[in-house]
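In: Requesting a structural model of the entry that follows:
(one chain, ligands or ions: 1)
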Amino acid sequence: MQGASVIAGIAQRTFMACMLSGLWLCAHAQDPHAAARRALIAELRAEAAGGDGDTRIDRDVLAVLAKVPRHAYVPASEQHNAYENRPLGIGYGQTISQPYIVALMTTLAQPRAGQTILEVGTGSGYQAAVLAEFGAEVYTIEIVPPLARQAAQRLKGYPNVTTRTGDGYYGWKEQAPFDAIVVTAAASSIPPPLVAQLKPGGRMVIPVGSSFFTQTLLLVQKDAQGRVRTRQVLPVRFVPLTGGH
Ligand code: SAH
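Out: Alright, predicted model coming up:
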């Protein structure tokens, strides 16, 4: 009883402090990462301002990155680094992508409410959460079972995300065709099953190249007649797409 009343007293004092010191302190008390996340978004906005054409970043994508708590998608030991603009280890030799790259890939994929989107390489689940914030149905597939399990837990708050353990090289036939496909591991060439599962008018964003060197981020577009056009966007570095192919 005594313990409970001490806690109630602390809660009351915290509430009073919030009332007195204004909203900023309250927001900060609720999310100690808020300031770091704002700084990251400012950095991305500055970086995006230098981009044009295929390397620009949409404002609504930055707004989503300002909302999704990246620290909730990394191991506890990396949480203090969660708002640095770089990839971080998530275990099993895998990484959560650099925020700038997540922003760029999302901009290129052009997610919209009501679309069906495939992500290959769930990893931490962060990119899937970002895509889901646009109101699309997101299907995401991960080949490393413990990573797939952790991500499924983290993504529980998104009823529009479906996770699966498996080899994403072959796509997700039951849910195809997709308006957009986002591949977050580097393939040696564009997987034909993924091209086949892209809708006419659909967009695929995929890093392609050797797993030992930098790769090239490609935007693959299928037009209304089913013709496929590929554009090179940026040199990038991703973990390799593994699996049986
Ligand atoms: N999108 C992730 C980035 C993860 S890194 C995020 O936001 O955190 C790429 C992920 O792709 C790794 O977790 C890796 O295990 C996974 N992967 C590699 N090859 C795969 C394949 N063939 N099918 C599905 N996932 C794969």
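In: Rounded mean pLDDT for stretch 106-116, please.
Out: Averaged across stretch 106-116, pLDDT comes to 98.
In: helix, strand or coil for the residue most central in space within the chain?
Out: Against the mean C-alpha coordinate of the chain, by Cα atoms, centre = their mean, the closest residue is Gln127 at 1.2 Å. Following DSSP: H, G, I helix; E, B strand; the rest coil, we place Gln127 in the helix state.
In: so what's it up against?
Out: Applying Cβ atoms under 8 Å, 6 or more residues apart in numbering, we find Gln127 in contact with Ser97, Val102, Met105, Thr106, Glu119, Val182, Thr184. (C-beta placed from N, C-alpha, C; glycine too.)
In: Make TSV out of the residues you listed and add distance to the ligand, secondary structure and neighbour count.
Out: Converted to TSV, the contacts of Gln127 look like this (distance: Cβ to the nearest ligand atom, whole Å; DSSP: H, G, I helix; E, B strand; the rest coil; neighbours: other Cβ atoms under 10 Å):
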residue	distance to the ligand	secondary structure	neighbour count
Ser97	5	coil	25
Val102	7	helix	26
Met105	9	helix	27
Thr106	11	helix	25
Glu119	6	strand	30
Val182	8	strand	26
Thr184	4	coil	29
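In: Closest to Gln153 out of these?
Out: Among those, Glu119 lies closest to Gln153 (Cβ to Cβ), at 16.7 Å.
In: returning to that earlier point: separation between the residue nearest to the centre of the chain and Gly53?
Out: Distance, Gln127 to Gly53, using Cβ to Cβ, to the nearest Å: 22 Å.
In: repeat for Ala39
Out: Applying Cβ to Cβ, the value for Ala39 to Gly53 is 27 Å.
In: Out of these two, name the residue with the larger neighbour count.
Out: It is Ala39, of Ala39 and Gly53, that has more neighbours when counted by other Cβ atoms under 10 Å, with 13 against 7.
In: so that one makes contact with Glu84?
Out: No - judged on Cβ atoms under 8 Å, Ala39 makes no contact with Glu84 at a distance of 9.7 Å.
In: What segments of this structure are helices?
Out: Shown for the chain, the helices assigned by DSSP state H span residues 2-21, 23-30, 34-49, 59-65, 99-109, 126-132, 145-154, 192-196.
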